[in-house]
Structure formats: structure tokens, C-alpha cells
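S.K.: From the sequence below, what's the structure:
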Amino acid sequence: MRNVEFNWLIAHPEETQKFAGEYIALVGEAIVAHGKDFEAVLKEAGQKTGREPFIYKVPASDRELVV
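M.R.: As a prediction, the model looks like this:
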């Protein structure tokens, strides 16, 4: 796991909730793509940045049960 992106996720939960139920692609401290289709998000992020993004699936709600 990449530290910069992971630390950004922890520090900015309010930003990620804008994309509840979607995948977000991070490069550094920036969300460069988002959407419901993993492959499309990965492709868009790669095309925009030329770098491999960190992909995170934002839970649909803060009440989601994790087992």
C-alpha cells in the first residue's frame, strides 16, 4: 500500500464520502478519477496521469457492516 494515498484517505473522510459506492483513483493527494466501474476508473486515471493509481472502493454508507 502506498503511504501518501493511504494517509490522505485517513485524513479526508469527508472528501471520499462524496463518492459513496464508487471507486476512486488517487495519485499522490489528488482524486484523479471516480466511478462505479473499476476497469474504467483505472483506465481513466492512467490516461490522465501516466502513472499507476491507488484505487479505493468507498463504502456505500458509513453504516455498512464490515465482518
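S.K.: Low-confidence bits of this structure, can you list those?
M.R.: For the chain, residues meeting the criterion pLDDT under 70 lie at 1, 62-67.
S.K.: Taking the centroid of the chain, which residue is nearest it?
M.R.: residue 24 (2.5 Å; CA atoms, centre = their mean).
S.K.: and residue 55, that's in a helix?
M.R.: No: assessed with DSSP: H, G, I helix; E, B strand; the rest coil, residue 55 is strand; it does not lie in a helix.
S.K.: And the helices in this protein, which stretches?
M.R.: Secondary structure of the chain (DSSP state H): helices located at 3-11, 13-16, 38-49.
S.K.: Could you single out the most deeply buried of the ones you listed?
M.R.: When the helices of the chain are scored by mean count of other CB atoms under 10 Å, the highest mean neighbour count falls to helix 38-49 (a mean of 15). Quick note: C-beta positions are derived from backbone N, CA and C, even for glycine.
S.K.: So what touches that helix?
M.R.: By CB atoms under 8 Å, 6 or more residues apart in numbering, the surrounding residues in contact with helix 38-49 are 22-25, 27, 32-35, 52-53, 55, 57.
S.K.: tell me which of those is nearest to residue 15?
M.R.: Nearest to residue 15, judged by CB to CB, of these is residue 24 at 8.9 Å.
S.K.: On the strand side of things, show who the residue nearest to the centre of the chain bridges to.
M.R.: Beta bridges link residue 24 to residue 34, residue 56 when assigned by DSSP bridges.
S.K.: tell me the contacts of it?
M.R.: 16, 31, 33, 34, 41, 55, 56, 58.
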